[in-house]
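> got a predicted model here, sequence first, then my questions.
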Amino acid sequence: MRGQVIRQTIVVVMLAIAASGCATKEKQTITMLEETNANLTERLNLARTELDAMTRERGEMDDRLVAALNEVDVLKEQLAERPVPEETAAGWTPVAGGAMIAIEGSVLYAPGKITLRREARRTLDSVVSTIQGEYADKDVHVFGHTDDQPIKKSGWMDNYQLSTERALAVVRYLQDRGVSPERLVACGCGEHRPRVPNTSETNRAANRRVEIFAIDPQ
């Protein structure tokens, strides 16, 4: 009888231990599931935050695109309202109110000089022919330009004076060839309106020039 009681007691203890083990495993499982759920919830919230940010950014990009398209439409309208540029004579470039031709300084003058070279006359005679033929109703503005090298031996006060004297030499030639002085203007810009930076001799040569504009009277 006593042995039976002992055996029953052992069984009860073993069942209690088994039950305790199952409870512990179940608790561990629940804890793990709770941690997994919390982790997934955090990742979901982060994903929602990123999605909201991307949605806002997409909205901003759409707004900028619409604004850019509106600007393009405005520019198209402005371009459509502009008058079609007049056809220009050969070698001339269209500008507002007329046309312009640029002649390299070396074609017209010796370095530091204002006297026109003999070979320059052929070029200027062609300019006169165009002015009197195709631009007879235009004023003629002549702009002299130099490079940025300071005056040393030529005797001119500065590049302003040199460029103005060169423009004046061209104006006088045009007048001698029949262009009315009432249409003529001589201007000197010195080195202050270069075509390209004065960083090399090639660039400086490009900046030494005379520009002749045939434009509407003011």
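Looks like it came in fine.
> could you point out which element follows the lowest-mean-pLDDT helix or strand in the chain?
The helix or strand of the chain with the lowest confidence, counting by mean pLDDT, DSSP states H and E, is helix 2-81 at a mean of 70. Moving toward the C-terminus from helix 2-81, the next helix or strand (DSSP states H and E) is strand 93-95.
> show me what whichever helix or strand comes after that following strand is in contact with.
Per DSSP H and E, the first helix or strand lying C-terminal to strand 93-95 is strand 98-104. By Cβ atoms under 8 Å, 6 or more residues apart in numbering, the surrounding residues in contact with strand 98-104 are 86, 88-89, 91-93, 123, 127, 130, 135, 138, 205-206, 208-216. Yep, even glycine has a C-beta here, placed from its N, CA and C like the rest.
> out of the residues you listed, which end up buried?
88-89, 92, 123, 127, 130, 135, 138, 206, 208-215 (16 or more other Cβ atoms under 10 Å).
> pLDDT score for the closest residue to residue 124 other than its chain neighbours?
In this structure, residue 124 finds its nearest non-sequential neighbour in residue 173, 5.5 Å apart by Cβ to Cβ, 6 or more residues apart in numbering. At residue 173, the model reports a pLDDT of 97.
> over to residue 96?
Model confidence at residue 96 (pLDDT) stands at 89.
> nearest spatial neighbour of residue 161, skipping sequence neighbours?
residue 188 (7.1 Å).
> so the one you found sits against residue 169, correct?
No. Using Cβ atoms under 8 Å, residue 188 and residue 169 do not qualify as a contacting pair, with a distance of 11.2 Å.
> domains of the protein?
1-82, 93-215 (automatic domain parsing).
> and the ones you listed, which is most packed in?
Compared across the domains of the chain, domain 93-215 shows the largest average neighbour count, a mean of 17 (mean count of other Cβ atoms under 10 Å).
> relative to residue 145, how far out is residue 213?
To residue 145, residue 213 is 13 Å away according to Cβ to Cβ, to the nearest Å.
> swap in residue 54?
From residue 54 across to residue 145, the span is 55 Å (Cβ to Cβ).
> what's the answer for residue 129, then?
Residue 129 is 24 Å from residue 145, by Cβ to Cβ.
> same check, this time on residue 205
Distance from residue 205 to residue 145, by Cβ to Cβ: 12 Å.
> same deal with residue 126?
Residue 126 is 20 Å from residue 145, by Cβ to Cβ.
> touching both of residue 205 and residue 145, which residues are there?
Common neighbours of residue 205 and residue 145 (Cβ under 8 Å, 6+ apart) are residue 105.
> quick one on the thing from earlier: I'd say the residue nearest to residue 124 and residue 125 touch.
No. Using Cβ under 8 Å, residue 173 makes no contact with residue 125, being 9.0 Å away.
> give the contact list for residue 125.
Neighbours of residue 125 in contact, by Cβ under 8 Å, 6+ apart: residue 177.
> next one, pLDDT for it please.
Looking at residue 125, the pLDDT reads 96.
> mind telling me what element it is part of?
helix 120-133.
> by how many degrees do the helix or strand that that helix is followed by and strand 98-104 diverge?
Once the chain leaves helix 120-133, the next helix or strand it forms, by DSSP H and E, is strand 139-145. On the basis of axes from the mean of the first three to the mean of the last three Cα atoms, to 10 degrees, strand 139-145 is oriented at 30 degrees to strand 98-104.
> hmm, who's touching strand 139-145?
105, 131, 162-168, 170-171, 174, 179, 183-191, 193-194, 207-218.
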